[in-house]
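1. Give me a model of this one.
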Amino acid sequence: MSRKDQSELISAARAATESGEVTVAARHYRAALKLDRRNHALLLEAGVNSAQAGDMSAARDYLVAATKVSDHSADVQFNLGHVYLDQKLYDLALRSFNRALAIDSDYPDLDYSKAEALFGLGHAEDALLCATRATQSAPRDLDAWLLRGRCEDRLGMAAQAEQTYLHLLQLSPGHIDAQLQLARNYAKRFAFEKATRLLDTLHDNNDLPNSALVAIGDIYGGGNQADKAIQVLQTAVHRDPSDAAAHALLGSAYIDLGEFDLSERHLREALKLDGTQALAYQSLADIKRLGESDRQSLERLYAAKTLSNQSRIQCGFALYYLNDKAGNLDAAFAALTDANELMHKDDPHDVEANQALLARLKHIITADFLKDREGQGFDEPGPVFIVGMPRSGTTLTEQILANHPSVLAGGERNDIISLRGNITNFPDGVSDLGDSWARSAGKQIYDAMFTSGDGHSYATDKLPGNYAFLGLIKWVLPKAKFIYCRRRPEPLALSIFEQHFMTLPFSRNLADIAVVYQNHLSLMEHWREACGIEVLPVDYEDLVQDPEPVARRIYEFIGLDWKTEYLDVSKVDRQINTASRWQARQPINTSSVDRWRRYEKHLQPFVVALKSAIDTE
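-> Numbering: from 1, shown residues only. A predicted model of the protein is given here:
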């Protein structure tokens, strides 16, 4: 074939590209390149066409071939970088973008492109610098603003990220991704009402693509709204039965409702459709339905170089379960540690800030503080707060109470977190608040706890971390009851460390768990001994080994009549969104009491850190 033939093939390829016939164009490009395999411009053109057609493998081959012909084209490096981004090869993408920058320092869009690669590598701080420069050089670049907000969110700059998303929505009021990211931002900050309003409006007012429905379902699920998550995800699955992500999230949401068979059905379908759905593996582990037949595919996925951090974390928790079940304890704990280290790297815990906050709380809310404010607050009985460290038995305690017809089980509510968040300069700002504020705040919390309580006399909030705010709660709800769940330190540490807690950064490091554990003991001693707040202690080991006497004591403390049938927690029909969502529906048993001894040697960092925390207190 002659050069004239090649020219005609190229013209035909370009015409096909313009008319949207990318597959026809690709065929013409292949034929043209057979006549001249070292045509740099043609290799670039063919690579871009293949990328537009979605054939990233061919695009990569063409563009890499172009670099071998000449390594001095910023266009080739830029497009190759974006092919690598699509394949989640972030290190290679960053290298290509840096080469493009070295060739042409004024090449457009490189700041944004580098930000994408850096974000994918987990280098959020460097990514934010690049994304910020991108928004400054192109103030109306919506993608750059969106990535800037995501970087800010990743770095814990939630309030700043919120403003970034709001600015993006001023530029483009109907921007779906910006609304979704803003809703995630609100949910992560426990502003669930804001997140729900935004999601409800987005869902009701738009003919959304399946990817957006899946994202909405994911955020609903993370905000303890399994019913709404299931409704949205069912729509997504009905619309596209081949949507593996929708099946995986739907299966996970069904766990909250105790529908374990339905859950497994959708999780298995997700893996059948797409073996890279790491959430499906972790969720199967959560309901104890991950087996040895899953090992090979799970380990293959875990070893994949292109696996995202989130998927690697989910695989790590699943492998921990599988290896623990098989008795491979060293391998199990190694997978668990790797998963937690990845989470810790993305969202580290500031131990010193936590200690400083608790010290200020003890200094400000004292016995004299509460005595001076007696008679303030909303003076109605009924609220019951079940507090303690995570995994200390708060869910089981609430399950036992939930069996009584007079009790409305509220689960892990965010009322107290919202109250704290609305106090300027907390905790010091508490001193500036007066009688009318306390009464209004108490009534607002009371009303929220009893919103759906038709005929109930008591309502529970079992958010464990409310132990930090017992003094504040006592002020605004003086007749509230407090149940304090306790557990021995070593089994507690293992139980925390082995859970995939999205919003508890300290849970990812054994030394941090030790410090938080000792801090919580000190603060509870302050509330009970120094402030004289009446608290009923419930020891987890006693509760599971001989439950009836402990349960009777709980009922007596609240003021409820007792029936032995209230111990059958497996029959409680309610939504459970906590890490105990599977365990809480099983009969009370002692299987977890001494389980920690299997990992006694692995827990030594916790033991050493706890001793140090005790010695330095």
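2. S283: what's its closest spatial neighbour, skipping adjacent residues?
-> Nearest in space to S283, with sequence neighbours left out and distances taken as C-beta to C-beta, 6 or more residues apart in numbering, is S252 at 4.5 Å. Glycine gets a C-beta too; all of them are placed from N, C-alpha and C.
3. what's the burial count for the one you found?
-> Summarising burial for S252: neighbours were counted as other C-beta atoms under 10 Å, giving 27.
4. can you tell me the helix or strand for it?
-> Remark: S252 resides in helix 244-256, with elements defined by DSSP states H and E.
5. Quick check: I416 vs L536, distance?
-> Computed with C-beta to C-beta, to the nearest Å, the distance linking I416 and L536 is 19 Å.
6. Those two: which has the busier surroundings?
-> I416 (24 against 18).
7. Can you tell me the SS state at the more buried one?
-> Assigned by DSSP: H, G, I helix; E, B strand; the rest coil, the conformation of I416 is helix.
8. ditto for K88
-> coil.
9. check contacts around it.
-> The contact partners of K88, taken as C-beta atoms under 8 Å, 6 or more residues apart in numbering, are 120, 306, 308.
10. I only care about these that end up buried; give me the PyMOL line for that.
-> For the buried members of the contacts of K88, the matching PyMOL selection, counting by 16 or more other C-beta atoms under 10 Å, is:
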select buried, resi 120
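11. Which of the contacts of K88 sits closest to I287?
-> Taking C-beta to C-beta as the measure, I287 sits nearest to S308 out of those, at 23.5 Å.
12. Now do the phi/psi pair for that closest one.
-> Comment: the main-chain dihedrals of S308 come out as phi -70, psi 160, following degrees, to the nearest 10.
13. Spit out the contact partners of it.
-> By C-beta under 8 Å, 6+ apart, the residues touching S308 are 88, 120.
14. Do you have the helices of the stretch 1-150 of the chain handy? List them.
-> Chain-ordered helices for the stretch 1-150 of the chain, with DSSP state H, counting those that start in this stretch as the definition, fall at 3-18, 22-35, 40-52, 56-69, 74-86, 90-103, 110-120, 124-137, 142-154.
15. next one: the stretch 301-450 of the chain
-> Under the criterion DSSP H, counting those that start in this stretch, helices of the stretch 301-450 of the chain are mapped to 309-326, 329-346, 351-364, 367-372, 394-402, 415-421, 435-449.
16. Any regions of the stretch 301-450 of the chain where pLDDT drops low?
-> Under the criterion pLDDT under 70, the flagged ranges of the stretch 301-450 of the chain are 349.
17. swap that for the chain, please
-> Residues of the chain that meet the criterion pLDDT under 70 lie in 1-6, 13, 17, 29, 33, 349, 453, 570-591, 617.
18. Provide the secondary structure category for N224.
-> coil.
19. Redo the helices of the stretch 301-450 of the chain as a markdown table? Include distance to S113.
-> Written out in a markdown table, the entries for the helices of the stretch 301-450 of the chain read as follows (distance: least, C-beta to C-beta, whole Å):
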| stretch | distance to S113 |
| --- | --- |
| helix 309-326 | 20 |
| helix 329-346 | 22 |
| helix 351-364 | 35 |
| helix 367-372 | 55 |
| helix 394-402 | 46 |
| helix 415-421 | 37 |
| helix 435-449 | 46 |
